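Chemist: predicted coordinates and the sequence they were generated for:
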Amino acid sequence: MRKYSTRLVLAAALVFTGAALGSPDQVATVDQLKTDAFKALHDGKWEVGNDLLAQAASKSKDPSDEKMASWTNQFETQQAGFAAERHKQYDKSVADVHLLEQHGYEDYAIDAAKDAYVLANDKDAFRAEPWVDDLINKSVAMAEGYEKKEEWLKALRLYSDLCSVEPTNPEWKDRLKLATRRIRLLALYSPGELKAVQESESKTRDAVDKLLHPDATTQVSKIKIAATQPAVPGDEADADSKLDWHDTLRGVKMDMLWTALVDARTNYWREITYRDMMVGGLKGMQALATTHGLEKEFPGLADDAKRQQFVSVVNDSLEAAKNSTAADDQFVLYNLLFKKLATSNKDTVNFPEEVLVSEFADGAFAELDPFSSMIWPSDLEEFNKTTQGEFSGVGIQIQNDDTGALKVVTPIEDTPAYKAGIKPDDIITQINGKSAKGISLTQAVRLIQGVQGTYVSLTIKSTNGDVKEHNLKRDTIKVSSIKGWTRQPGGGWDYLIDPDNKIAYVRCTNFTKSTGEDLDKTADEMKQAGAKGMILDLRYNPGGLLTAATEVCDKFMSKGVIVSTHADRETPNQPTVATAKLDDDEIKMPVIVLVNQYSASASEIVSGALKDQHRAMIVGERTYGKGSVQMLFPLAGRSAYLKLTTSHYYLPSGRCIHREENSKEWGVDPDVTVDMTPDQMRAAMDARQAMDILRDAEEAKPAEGEHEKLKDTAPAVKSAVEAKRNDEAAKKNTDPLACDPQLSAALLMLRLQLAGAQL
C-alpha cells in the first residue's frame, strides 16, 4: 500500500507528454517540459510552447516559470490574433479578385491575386488553383496586348504582378525590365507625356479603390504621382524649380563610357565579354529609338524615315555584336561606338551625345547585374550622402501628404530647422519664394539642400494656420544611423523598450562611416540605463559600407571570421577575410537581431556573422540576398565613376549571401521565422515613424504653476494630467508592439533568455 501511494505522489508531480517522450506511460519532469517548450518556441510553434510552459509553471509553482508562462501566453494570444487577421486578409484578397472580374476590371484582378499569394500559407497550393491558372493566362494575354499598343504602365503593372505570383518564371522578369526601361525613358525625357498617362491610370485606379473600399476615401494613386513624378506645365510649381534631363546628364562623355566598359571587362566578378555588354547597350538604343512620346524632346524622332534609318543601323549592329568573338569583340565595340552609331545618329535622329552615351551605358551594365552602373557627375553628391551619412542642408525630413503638399515629418536634432522652431506636420508652402505645391520629393530635396553657408528661404504654415518665412543658413547635417526606442523631448533617445527587464531596442537604418562611432555612444547610454539585453533591428536596412558592417560585428564578437569575399575568376581584386578582435568596449549582453526581406548587403553581413558565430539569435524573415561587392572605378579625373560588382560576400559558414537568378538559397535565414502581412508592415512602420518624431522640450514641460497644482494631487489624477501633455503624440502613435509580430517575438525570446531559458 505504501508503495502504491508513493507512485501516486510521484505521478502527481509529473505530466504525460506522449509527443515528447513516446509512450503515454512516460512522464516528464518540469525541466523536460521547459526544454521542450523552448524548442517549440525556437521553431515558431507558439501554441505548443505556450502550453508546455503553462504545464511546467503549474507544476513547479516557481515565480520565474510563472513569469515566463505569462509572457508566452500573452504573445501566443497576440500571435493567434495576427494569424486570424492574416487569414481574414487572405479571404478578402480572394474575394477582391472575383469582385474586380465581375465589374469588368479584369486587368486589376491579378493585383488582388498577388496580394492573396503573399498572404497564402501554402503558396504552391495557391498557384495550383484552377482559377489562379486561368487568371494568369488572361493577364498574360492582356499584358501582351498592352505592349503592342505601347501602354507601358499597364504592361508594367501586369508583369510586376506576374513576377510576384510566378517568381521563378524568367520571362516575366525580362518583359518587366523592358517595360520599366521605357517608362524610365519617358520619366526622364518627357515627364509631361508620362504624367498625362498616369493621370488617366489614376482615375481607373481610384475607381478600383472605391469598388474595393467603398467606405474609404482613397487617394493612393494620386499620392504616388505627387510623390514620385516631376512637375509639369499646369502644376502650381514654378517652372524655375523644375529639373530636367540636361541637369541629370550634365558632363556625360563618350570617353567615360569607353573606359568604364574596359574596366568592367577586366574587373567583373565573373568572366564576361565585350559582346555581352554590346548586346545590352544596343538593346538600350532600340528602346530609346522606338519609345513613342519622346519626339517633343528629340525632334529627329518625329521623322519616321530618319527614325527607321537609325533603328535599322542599331538592328544591324546588334547582329554584328551577337556574331562577334572574344578575339574581335573589343574592336567591333570600338568601331560601333565611335564610328557607326555616332555617324548614323548625327545623320538621322541626332540624339545629344550625353543621351546616346547614357542609354547605351544603362543597357550595357544592366546585362551584368542590377547593382553595376554608372555614377555620372550629377549623381556624385547624392551618392556621397548615402555612404557618408552627412549632407549640407537645413535638417528636416519631409514627405508629400495626400494633397501633394510638402509636409515636415520631423526636424533633425540641433539643426537650423530645429533651432528655427519648425515642427512636425508643418507644411512647406514655398521654397525660395516659389510654390512647393505639386513638386516631387527629389526636386524639393535638391532645392532645399545646397552649399554650406548659403541660405534657403522656406515659407512654413504651422498646424494652427500661422504662416512664417524662415531664411535658413545651410549647414552640414550629420544623420545618425543609430536610433532608439522613443525620442526624448528636446533630443536624444530612450533605448529601453522593456524597463522592467532592462531590455534595450536599437535600430540601425544604414551603415555609414559614423555607424561604429554612433553605436559606441549608444552602448554607453544603454549601460548607464542598466540594459541587460538588446534587440538590434536591421529591418529595411539597405546596407552601406563594408567597413561599417565589420566594425559593428566587431563590437559584439571577440574572435572569428566576420565575412569573406572572393570572385569566381582571377581578377586584380584579391580575396579578403575580415575577422573580429577582442576589444575593451565589447558589447557582451544577449542580443536578438531583427531582419526581413528588405534587410540587404551590410545588414546581411552583420546578421549572418552574429548568427554563424552563435553570438545572436535572428528573428524575422529571410533577408534580401544582396551579397555582391561593388568597387568604384574613377573616370575622367574622378568626375564620374563606374560602380562594378567585383566579388561576392560569404558568411563564416561559407554560405554566399547573394541571390543569383533562380537561386533557392540566399541571404540569412532567421532562427525564428515570423511572417508579417503587408498591412502589418505598414502599421508597424507608421507606428515606428511616430515614435521617431522629435518634439521640443518646451512641449513636454508643464504649464506655469502646474507643478504646484499637481503637488498634492492624487497619483491617478496626476498621471492623467501628465498623459494629456502627450495627447498629440498619442493620437498619432500606435504602440509598435501591438502591431509588430516580429518585434513582439524578439522581445519574448530575449525576456526568456534573460530569465534563464536555453534557446
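Modeler: Looks like it arrived, so ask away. Residues are numbered from 1 along each chain as shown.
Chemist: make it CA atoms for all contacts and neighbour counts henceforth
Modeler: Fine.
Chemist: and for Ser628, nearest residue in space, chain neighbours not counted?
Modeler: His648 (4.3 Å; CA to CA, 6 or more residues apart in numbering).
Chemist: ok, now which ones touch the one you found?
Modeler: By CA atoms under 8 Å, 6 or more residues apart in numbering, His648 lies in contact with 269, 565-567, 627-629, 656-658.
Chemist: try 10 Å
Modeler: 269, 564-568, 575, 626-630, 656-658 (CA atoms under 10 Å, 6 or more residues apart in numbering).
Chemist: likewise Ile422?
Modeler: Contacts of Ile422 (CA under 10 Å, 6+ apart): 395-396, 408, 410-412, 416, 428, 460-462, 468, 470, 695-696.
Chemist: distance of it relative to Asp585?
Modeler: 38 Å (CA to CA, to the nearest Å).
Chemist: for this structure, give me the ranges with low pLDDT.
Modeler: 1-28, 216-243, 385-389, 402-404, 696-734 (pLDDT under 70).
Chemist: quick one, longest strand in it?
Modeler: strand 640-650 (DSSP state E).
Chemist: centre of the chain to that strand, how far?
Modeler: Distance, stretch centre to chain centre, for strand 640-650: 20 Å (CA atoms, centre = their mean, to the nearest Å).
Chemist: from here on, count from 59
Modeler: With 59 as the first residue, the last one maps to strand 698-708.
Chemist: mind checking what helix or strand follows that strand in sequence?
Modeler: Using DSSP states H and E, the next helix or strand after strand 698-708 towards the C-terminus is strand 730-731.
Chemist: in terms of secondary structure, what does the helix or strand that that next one is followed by contact?
Modeler: With elements assigned by DSSP H and E, the helix or strand that comes after strand 730-731 is helix 736-750. If you count contacts as 3 or more CA pairs under 10 Å, 6 or more residues apart in numbering; DSSP states H and E, helix 736-750 packs onto helix 121-160, helix 164-177, strand 464-469, strand 544-545, helix 785-790, helix 794-797, helix 799-812.
Chemist: can you tell me what sits against helix 736-750?
Modeler: Contacts for helix 736-750 (CA under 10 Å, 6+ apart): 140, 143-144, 147, 173, 176-177, 467-468, 541-546, 551, 598, 733-735, 787-801.
Chemist: now a PyMOL select for only the buried ones of the residues you listed.
Modeler: To isolate the buried ones among the contacts of helix 736-750 in PyMOL, judged by 16 or more other CA atoms under 10 Å, type:
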select buried, resi 140+144+147+173+176+177+467+468+541+542+543+544+545+546+551+598+733+734+735+792+793+794+795+797+798+799+800+801
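Chemist: number of nearby residues for Lys477?
Modeler: Close neighbours of Lys477, defined as other CA atoms under 10 Å, add up to 15.
Chemist: now do Asp744 against Asp484, distance only.
Modeler: The value you get for Asp744 to Asp484, if CA to CA is used, is 18 Å.
Chemist: between those two, who's got more neighbours?
Modeler: Asp484 (21 against 18).
Chemist: dump the residue contacts of the residue nearest to that one when sequence neighbours are not counted.
Modeler: Once flanking residues are discounted, Asp484 sits nearest to Ser520: 4.6 Å by CA to CA, 6+ apart. For Ser520, the contacting residues are 466, 480-486, 526, by CA under 10 Å, 6+ apart.
Chemist: end to end on stretch 670-689, go ahead and measure it.
Modeler: Span of stretch 670-689 from end to end, CA to CA: 26 Å.
Chemist: roughly how far out does it sit from the chain middle?
Modeler: 14 Å.
Chemist: do stretch 640-649 as well
Modeler: On CA atoms, centre = their mean, the centre of stretch 640-649 falls 29 Å from the chain's centre.
Chemist: quick check: end-to-end length of it?
Modeler: End-to-end distance (CA to CA), stretch 640-649: 18 Å.
Chemist: for stretch 97-111, same thing?
Modeler: First residue to last in stretch 97-111 (CA to CA) measures 11 Å.
Chemist: one step back: secondary structure added to the contacts of Ser520, as a markdown table?
Modeler: What follows is those, written out as a markdown table (DSSP: H, G, I helix; E, B strand; the rest coil):
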| residue | secondary structure |
| --- | --- |
| Val466 | strand |
| Ile480 | coil |
| Lys481 | coil |
| Pro482 | coil |
| Asp483 | coil |
| Asp484 | coil |
| Ile485 | strand |
| Ile486 | strand |
| Lys526 | strand |
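Chemist: if you rank the residues you listed by neighbours, which is first?
Modeler: Busiest of the contacts of Ser520 [other CA under 10 Å] is Ile485, holding 27 neighbours.
Chemist: which strand residues bridge it?
Modeler: Ile485 has these beta-bridge partners by DSSP bridges: Lys465, Lys519.
Chemist: now Leu554: closest residue in space, sequence neighbours ignored.
Modeler: Ala562 is the one closest to Leu554 (CA to CA, 6+ apart), at 4.2 Å.
Chemist: oh, that last question was meant for Leu702, not what I typed.
Modeler: Per CA to CA, 6+ apart, closest to Leu702 is Ser430, 4.5 Å.
Chemist: pretty sure the one you found is touching Asn325, no?
Modeler: No. Under the criterion of CA atoms under 10 Å, Ser430 is not in contact with Asn325, lying 11.6 Å apart.
Chemist: which neighbours do those two share?
Modeler: Common contacts of Ser430 and Asn325 (CA under 10 Å, 6+ apart): 689, 702-704.
Chemist: and for stretch 148-155, what's in contact with it?
Modeler: 142-145, 147, 157, 160, 163-164, 166-179, 190, 193, 269-271, 735.
Chemist: rerun that using 8 Å as the cut-off
Modeler: 167-171, 173-174, 177-178, 270.
Chemist: quick one on the thing from earlier: who's in contact with the residue nearest to Leu702?
Modeler: Counted by CA under 8 Å, 6+ apart, Ser430 has contacts 423-424, 688, 700-703.
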